[in-house]
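Engineer: Predicted model and sequence follow; I will ask about them next.
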Amino acid sequence: RIIISMIETPTTMQRNLFLILGIATVLTIYNLVTRSPSPPPASEQLRQLQDIIRRRHYTILSLGGPTTLGANLKHKTHSYPYILGSPSKKVSNAALDVATGGSNYPSLCLECMVENKEFDVILLEFSLTGTEGIELLLKRLRYRFPRAIIIYIHLYSLQTDVADMEDVHGWSAPNHDHIDMEHLDSYKWGYGESMSNAVYHEIKRIVDNYGVIMYGFPRSTNVKDVLELFSPDWRYLSQIGHNIVAEGVLSILKDIPADPEKRPIHKHDEPFGSRDECVSWFVSGKVPFKYQKPIKLSSFSASGSGNKEYALEIAGTKPGTMSIVNSLPMPAPLYMFYMAQSEAYPIVEVVAQEKVKIVDPMINADRHVMKSEQVGWVTPGVNEITIKPLTESVLPFRVTGFAFCEACIHLEQHDEEEFWQGDLN
């Protein structure tokens, strides 16, 4: 038997219906793939505080390091800034990745980072990455946002604060790749805890002058009691830790008047100017000016996470020249951003406007850190900068950006001493 199937030609209405259904299916699949994961579960107290604060419609700026960025979390929107301010469009998380050198970058590049936006709440977190430049940053923030609520979040790391008391020396940090979970009693607070507490009090001494509120992450007498607050690497916070920070900050905000007119004004004069211009290719790999051999653009991974970062590298003994552009209408201090580590990079000679500056990228840390240093002055327009390695090294010298800082014109150095350059792991 032969069966003949007759298929009618679809009408225009049917074709349009098929098209709409197809588009809807594609959009549904796209949303499932690209949308942020569901937020993590929160305690009843945290949810109540979220409801109170979110009705105030605060806009939030967060400046910090990898923890603020959500290091080791399933999604960056699960970090404490986003727990505070949902929907996330109310949050500007200008945190910096693992290789940045703490508060120095935003102190030099604040205007580039915040542009013309206004914020009700500003969160700062630099205890793990270094507080060099913190006072300049606070001066600039207070000039720009005199009524904003600024909260400094002081964190610590189990990697540096905990010691293995069964070690032959009785004080060394545990090997985090081989932690014996059945013998956690041997892990005690060590020398790093005292250092972290000293940093806390030094930061508090500075921020008190600018109407900044300090929040300290909780500790316990027994190390085992805080393990769940940290991710398995013992450095960054776990989701529970982020929830605790959010709950603590929300508790602070709850008791502060929502009406900015009812808050004290912490206005600071503008003694240094407010403009800055920063260029960085660390993330994008795009260099906005010309450079000559032996300088070349290379990619590397500062964090070891596999993410690509970029730098202009100078190897060997021959000098390399860059033609950088200062678009500010006046001469300005020139700051160079470069990679530093304990013994990896060469000492270099930097020449700008015929003035010589020696830069030594050695620091007391095994991890790679981005640092900044004033290397001279530049005039408006094109300026030639020459960099020449002076010593042999394992890695070439790496430049990741420049800053022209009008706000720093009258500063020969930052007001505070460089009392904290980051942790010692």
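Structural biologist: Received the coordinates, thanks. Bear in mind the structure is a predicted one, so any value in this text is a computation, not a measurement.
Engineer: Please count neighbours and contacts with C-alpha atoms only from this point.
Structural biologist: Fine.
Engineer: Now residue 200: closest residue in space, sequence neighbours ignored.
Structural biologist: In this structure, residue 200 finds its nearest non-sequential neighbour in residue 154, 6.8 Å apart by C-alpha to C-alpha, 6 or more residues apart in numbering.
Engineer: quick one: the one you found and residue 217 touch, right?
Structural biologist: Yes - when contacts are counted by C-alpha atoms under 8 Å, residue 154 is listed as touching residue 217 (6.2 Å).
Engineer: In this protein, mark out all the helices, start to finish.
Structural biologist: Applying DSSP state H to the chain gives helices spanning 12-34, 44-54, 66-69, 80-84, 104-114, 134-144, 158-161, 191-207, 239-254.
Engineer: about what we covered before: so which of residue 154 and residue 217 has more stuff around it?
Structural biologist: residue 154 (22 against 14; other C-alpha atoms under 10 Å).
Engineer: What segments of the stretch 251-400 of the chain are strands?
Structural biologist: 276-280, 290-291, 296-300, 309-314, 320-326, 332-340, 348-352, 355-359, 369-378, 381-389, 397-405 (DSSP state E, counting those that start in this stretch).
Engineer: Mind checking those for the one nearest to residue 195?
Structural biologist: strand 369-378 (19.9 Å; C-alpha to C-alpha).
Engineer: how far is the closest one from where the chain is centred?
Structural biologist: Between the centre of strand 369-378 and the centre of its host chain there is 18 Å, according to C-alpha atoms, centre = their mean, to the nearest Å.
Engineer: Okay, buried residues for it please.
Structural biologist: Residues of strand 369-378 classed as buried: 369, 370, 371, 372, 373, 374, 375, 376, 377, 378 (neighbour count, 16 or more other C-alpha atoms under 10 Å).
Engineer: And the furthest pair within these?
Structural biologist: Counting by C-alpha to C-alpha, the most remote pair of these is 369 and 378, 25.3 Å apart.
Engineer: Tell me the span between the first and last residue of stretch 247-262.
Structural biologist: End-to-end distance for stretch 247-262, by C-alpha to C-alpha, to the nearest Å: 24 Å.
Engineer: can you give me the mean pLDDT across it?
Structural biologist: Taken as a whole, stretch 247-262 has a mean pLDDT of 92.
Engineer: how about it: buried residues?
Structural biologist: So for stretch 247-262, counting by 16+ other C-alpha under 10 Å, buried means 247, 248, 249, 250, 251, 253, 258.
Engineer: how far is it from where the chain is centred?
Structural biologist: 24 Å.
Engineer: Also stretch 199-210?
Structural biologist: 20 Å.
Engineer: Please apply the same query to stretch 340-347.
Structural biologist: Mean-position distance between stretch 340-347 and its chain equals 22 Å (C-alpha atoms, centre = their mean).
Engineer: Please apply the same query to stretch 189-205.
Structural biologist: Worked out by C-alpha atoms, centre = their mean, stretch 189-205 lies 21 Å from the chain centre.
Engineer: before we move on, back to that, for the helices of the chain, which one sits closest to residue 291?
Structural biologist: Among the helices of the chain, helix 104-114 sits nearest to residue 291 (C-alpha to C-alpha), with 22.8 Å.
Engineer: Show me where the stretch 301-425 of the chain dips below the pLDDT cut-off.
Structural biologist: Within the stretch 301-425 of the chain, the stretches with pLDDT under 70 are 303-306, 410-425.
Engineer: Could you rerun that using 50?
Structural biologist: For the stretch 301-425 of the chain, the stretches flagged by pLDDT under 50 are 412-425.
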